[in-house]
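Visitor: sharing a model that was predicted from the sequence below.
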Amino acid sequence: MLLLQLLLQGLQVGALYALTAAGFALIFGATRIFHFAHGSAFTLAGYTFLFATQAGWPWYLGGLAGVVVATLFGLGIYWFVYRPIQRHEGSFFTVFVAAFGVGIVVQNLIGMFAGRGFASVDTPLSRAVEVLPDVYLAEVFWVAIGLSLLLFLLLTLFLTRHNAGVALRALHQNPDLLRAYGLSSTKLSLLAFAVGSALAAPAAILTAMTSGLNEAIGHQVMLISMAATIVGGVGSLRGAALAGLMLGVAEAVALSFVDTQWAEAVSFLVLFAFIIFRPSGIFGITQAR
Amino acid sequence: MIAYFTNLASLGAIFCILAATLNVAVGYAGIFSVAHAVFFGLGAYAGAQVSLLLIPDALVAMVVAALVAGALSLCLALPALRVRGEYFVAASLGLQMMAVTLFSEAKTLTGGIGGLTGIPRPHILGVEVSTLPVALAALALILLATALLMRGSFGRTLQAIRDGESAAEALGKNVAAAKALAVAFACAGAGVAGALFAMHMQFVNVESFNLDQSVLIMAMVIIGGTGTLWGPLVGAVILLSLPAGLAFMPFIPSTEVGAVQQIIYGLAMTLLMVFRPAGLVGDLSRGKSHA
C-alpha cells in the first residue's frame, strides 16, 4: 500500500513537473534559448498567488495574477536580456550566465520581501481523505492531473491547428526560412516565452497549495525542467512532459528504497545516465551535438 | 586587523586558484563546467583526511588532493567527450547535485552535514606555516603552468577544439585526450585549492561545495574574462571583496547583507553578459560567438 501511496504522490508531483518542463521545452525548442531563469517564473507566480490569497483575493483572481506575472516575467526577460545578447551573437554560455544572474536576483528579492523558508496556502482542496485502506488522496491530486491533461490538450491543439503555433514549430526547424516568409522571429519568440512562462504558473500555484514554496524552489524547478527536457528529447514537448512525469514518479518511488535525501539525486542520476548513453533523449532525433 | 587581512588574502589566493583552473576548462577548452566546487570539495575532504589521519603536511595533503580530484575528474571528462554546449552544462549540473548528496551522506568520509572539524594547521617538513605563503606559491605555480601550457602545442590544440572541434579533429588532433587532460588539470588544481582551504579553515562541510559555490567560481571567471590569464584573478578579487565592502555600508540592515550581495552579483552577471560578454579583462572582439 505504501508503494501505491508513493506512486500516486509521484504522479501528482510528476504532473506539475511535466507542466513546467513543457514550458521550458517549448521555449528551448522554438527559440534555442536555454532559459535557465524558467524557475524564476515559477517562483514569481507561486508567490504572487500566495500574496493574493493572503490579501483576501478569491483563488481565481490570485491564480490569474500568478499567470499574468509569470507571462510578464517571460516577456521581460526575453526583451531585456536574451534579445540584446542574441543580437551580438552571444554564445549559449553568455545566455546561461545572464539567466543564472536573473535567477539569483529573483531568489534573493523574494527572500528579502517574502521571508525565507517554506510558505504554503491552505485550501479545502489540499486536505487528504482515505480513498482506499491506507491510501490517502487530497482533491488537489485530481485537480493537478486534470489541469495538466487539459493544458496539454490545449497546447497540442495550439501547436498543430493554430497558425501561430505552427509558426512556432517552424521557428524551431528553420528560422531563416521563417524570416524569408515574412514572419517575425522576434514576435514568435515573445509568444514562445509568454506561453512557456504561463505554463509554469498553474504548477506553481498547485505547489503552493500542496508542498509549499520557498524562495529557492525556482532552482530545483529549473533543474527538473532541464532534466526532463533533455531526458525527453529536445524539441519534443511530449517527451518533456512524459519525462517530467517519470522523474516525479521515480523520485517518489525511490523513497521506498532509499532515504528522502537521495530523492533529488535519483533525478540527476537519470539525467546523467541519459546524457552519457543517450544524449538525444527518449523522443529526440539522433543527432551529434 | 592584520589577522583579518591575512585571512582575507589566504581565501583570496585559494579562490584565485579555483578561478584560474576553471578558466583552463571554460576559457581555453570551451568545457563549461558548473561542477568546479565538487572537485574543490573532493580536494578539501582528501586533504583534511590526510592531515587528520596521516601527517599534517601541506605538501602531502595537496598532492593527495590533486590526485583524488584529478582521478575523479573522469566523471566530468566522460560527458565532456559525449556532448557539448547546453547538454554538458546540464550534465555538470547533474554531477554537482549528486555530489552534494554524496558529500552530505557519506558520513564516514566527509562527516556529513556536520563536516570535519579539528583539521590541524598546515605544516611543511614538521614546521608549522601560515596558509598565505603556501597558497600564494601554489597559485604562482599553477599560473606559470597554465601560461606555459596554453602557449605551447597543448594550449593551441585546446583552443582549436574550442573554436572548431571537427576542424581540430580533421587536423589529426587527439580531441578526446586533450579534453580529458584539460579537465584533469582543472580539477586537480581545484583539489589543491580544496586541501589549502581545509587546512586554512580547519573545518570543512558540504556548505562550501554546493551549486552556489560553483556558480560563484564561474562568475569570477566570467566577470573577469574567460580565456585570459589575469581575468579570473581580477574576477575573484572583485567578488570576494564585495561582501567585505558591503559590510561597511551602514544603510543596509545586517540581516540583509547576504541577500544584497547576492543581488549585486546576480545583476553584475546579467548586465555584464548583456553589455560586455567578454568580461572585464577580455578584449571586445573575442569571446562573442564560440560555443
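Guide: Okay, I see it. Numbers count the residues shown, from 1 in each chain, chains lettered A, B, ... in the order given.

Visitor: quick one: the helices in the chain?
Guide: Let's take chain A. Along chain A, counting by DSSP state H, helices occupy A:2-31, A:38-54, A:59-77, A:83-87, A:92-114, A:139-161, A:163-173, A:175-180, A:185-209, A:217-232, A:237-254, A:263-277.

Visitor: try chain B instead
Guide: Assigned by DSSP H, chain B shows helices spanning B:2-23, B:36-53, B:58-72, B:74-82, B:85-105, B:107-110, B:131-151, B:153-163, B:165-170, B:175-201, B:211-224, B:231-247, B:257-275.

Visitor: residue ranges in chain B under the pLDDT threshold?
Guide: Where chain B drops to pLDDT under 70, the residues are B:247, B:250, B:252, B:254, B:282-291.

Visitor: and what of chain A?
Guide: In chain A (pLDDT under 70), the answer is A:89-90, A:124-134, A:235, A:284-289.

Visitor: returning to that earlier point: need the helices of chain A in JSON lines (columns: mean neighbour count).
Guide: From N, CA and C alone the C-beta is placed, and that goes for glycine too. Putting the helices of chain A into JSON lines (neighbours: other Cβ atoms under 10 Å in any protein chain shown) gives the following:
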{"stretch": "helix A:2-31", "mean neighbour count": "24"}
{"stretch": "helix A:38-54", "mean neighbour count": "26"}
{"stretch": "helix A:59-77", "mean neighbour count": "20"}
{"stretch": "helix A:83-87", "mean neighbour count": "16"}
{"stretch": "helix A:92-114", "mean neighbour count": "22"}
{"stretch": "helix A:139-161", "mean neighbour count": "16"}
{"stretch": "helix A:163-173", "mean neighbour count": "16"}
{"stretch": "helix A:175-180", "mean neighbour count": "12"}
{"stretch": "helix A:185-209", "mean neighbour count": "25"}
{"stretch": "helix A:217-232", "mean neighbour count": "27"}
{"stretch": "helix A:237-254", "mean neighbour count": "24"}
{"stretch": "helix A:263-277", "mean neighbour count": "20"}
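
Visitor: would you list these in CSV and tack on distance to chain B?
Guide: Below are the helices of chain A laid out as CSV (distance: least, Cβ to the nearest Cβ, whole Å):
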stretch, distance to chain B
helix A:2-31, 8
helix A:38-54, 11
helix A:59-77, 9
helix A:83-87, 5
helix A:92-114, 3
helix A:139-161, 22
helix A:163-173, 15
helix A:175-180, 16
helix A:185-209, 16
helix A:217-232, 5
helix A:237-254, 12
helix A:263-277, 4
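
Visitor: so which of these is nearest B:L148?
Guide: The closest approach between B:L148 and any of the helices of chain A, judged by Cβ to Cβ, belongs to helix A:92-114 at 26.1 Å.

Visitor: okay, now the residue of the stretch 101-250 of chain B found nearest chain A: neighbour count?
Guide: Chain A sits closest to B:T101 of the stretch 101-250 of chain B, with a gap of 4.1 Å, by Cβ to the nearest Cβ. As a burial measure, B:T101 scores 18 neighbours (other Cβ atoms under 10 Å in any protein chain shown).

Visitor: ok, now B:L67?
Guide: 14.

Visitor: and the closest residue in space to B:L116 that isn't next to it in sequence, what does it touch?
Guide: Of all residues not flanking B:L116 in the chain, B:A48 sits nearest, at 4.8 Å (Cβ to Cβ, 6 or more residues apart in numbering or on different chains). Neighbour list for B:A48: B:61, B:116, B:119, B:195, B:198-199, B:204 [criterion: Cβ atoms under 8 Å, 6 or more residues apart in numbering or on different chains].

Visitor: which of those tops the neighbour count?
Guide: Highest neighbour count within the contacts of B:A48: B:A195, with 34 neighbours (other Cβ under 10 Å).

Visitor: doesn't B:G41 make contact with it?
Guide: No. If you go by Cβ atoms under 8 Å, B:A195 and B:G41 don't touch, sitting 11.1 Å apart.

Visitor: B:G118: neighbouring residues, count only.
Guide: 9.

Visitor: so it sits against B:M199, correct?
Guide: No. The pair B:G118 and B:M199 fails to qualify as a contact (Cβ under 8 Å) at a distance of 11.7 Å.

Visitor: spatially nearest residue to residue 102, not counting backbone neighbours?
Guide: Here I'm looking at chain A. Of all residues beyond its chain neighbours, the one nearest A:V102 is A:A37 (4.3 Å), with distances taken as Cβ to Cβ, 6+ apart.

Visitor: other chain: chain B
Guide: Excluding the flanking residues, the one nearest B:L102 by Cβ to Cβ, 6+ apart is A:A265, at 7.7 Å.

Visitor: that neighbour against B:M97, yeah?
Guide: Yes. Counting by Cβ under 8 Å, A:A265 does reach B:M97; the two are 6.6 Å apart.

Visitor: give me the common contacts of these two.
Guide: Residues touching both A:A265 and B:M97 by Cβ under 8 Å, 6+ apart: none at all.

Visitor: what sits against B:G191?
Guide: Applying Cβ under 8 Å, 6+ apart to B:G191 gives the contacts B:39-40, B:42-43, B:46-47, B:62, B:65-70.

Visitor: can you do 10 Å?
Guide: Contacts for B:G191 (Cβ atoms under 10 Å, 6 or more residues apart in numbering or on different chains) come out as B:17, B:21, B:39-47, B:61-73.

Visitor: neighbours around B:I238, how many?
Guide: B:I238 has 17 neighbours, counted by other Cβ under 10 Å.

Visitor: go on, B:S33?
Guide: Around B:S33 there are 30 other residues, counting by other Cβ under 10 Å.

Visitor: how many other residues sit next to the nearest residue to it once chain neighbours are set aside?
Guide: Once flanking residues are discounted, B:S33 sits nearest to B:S92: 4.7 Å by Cβ to Cβ, 6+ apart. A count of nearby residues for B:S92, using other Cβ under 10 Å, gives 25.

Visitor: gap between B:S92 and B:R84?
Guide: Distance of B:S92 to B:R84, computed by Cβ to Cβ, to the nearest Å: 12 Å.

Visitor: what residues are shared contacts of these two?
Guide: Residues touching both B:S92 and B:R84 (Cβ under 10 Å, 6+ apart): B:31-32.

Visitor: thought the residue of the stretch 101-250 of chain B closest to chain A was touching A:Q261?
Guide: Yes. Using Cβ atoms under 10 Å, B:T101 is in contact with A:Q261, at 6.2 Å.

Visitor: need the residues of the stretch 151-291 of chain B near chain A, please.
Guide: Contact residues, the stretch 151-291 of chain B versus chain A (Cβ under 10 Å from any Cβ of the partner chain): B:166, B:211-212, B:215-216, B:218-219, B:221-223, B:226, B:253, B:255-256, B:258-275, B:277-278, B:284, B:287-291.

Visitor: for A:A273, which residues are in contact?
Guide: A:231, B:94.

Visitor: then the one 4 residues further on?
Guide: With contacts defined as Cβ under 10 Å, 6+ apart, the neighbours of A:F277 are B:R82.

Visitor: ok so, going back, who are the contact partners of the residue nearest to A:V102?
Guide: By Cβ under 10 Å, 6+ apart, A:A37 lies in contact with A:43, A:73-74, A:77, A:81-82, A:98-106, A:197, A:218, A:222, B:270.

Visitor: then B:A178?
Guide: Contact analysis of B:A178 by Cβ under 10 Å, 6+ apart lists B:29, B:153-155, B:157-158, B:160-161, B:168.

Visitor: picking up where we left off before, would you turn the helices of chain A into CSV with distance to B:G231?
Guide: Below are the helices of chain A laid out as CSV (distance: least, Cβ to Cβ, whole Å):
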stretch, distance to B:G231
helix A:2-31, 30
helix A:38-54, 28
helix A:59-77, 27
helix A:83-87, 19
helix A:92-114, 14
helix A:139-161, 43
helix A:163-173, 35
helix A:175-180, 33
helix A:185-209, 32
helix A:217-232, 27
helix A:237-254, 37
helix A:263-277, 29
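
Visitor: and these: which comes nearest B:S10?
Guide: helix A:92-114 (26.2 Å).
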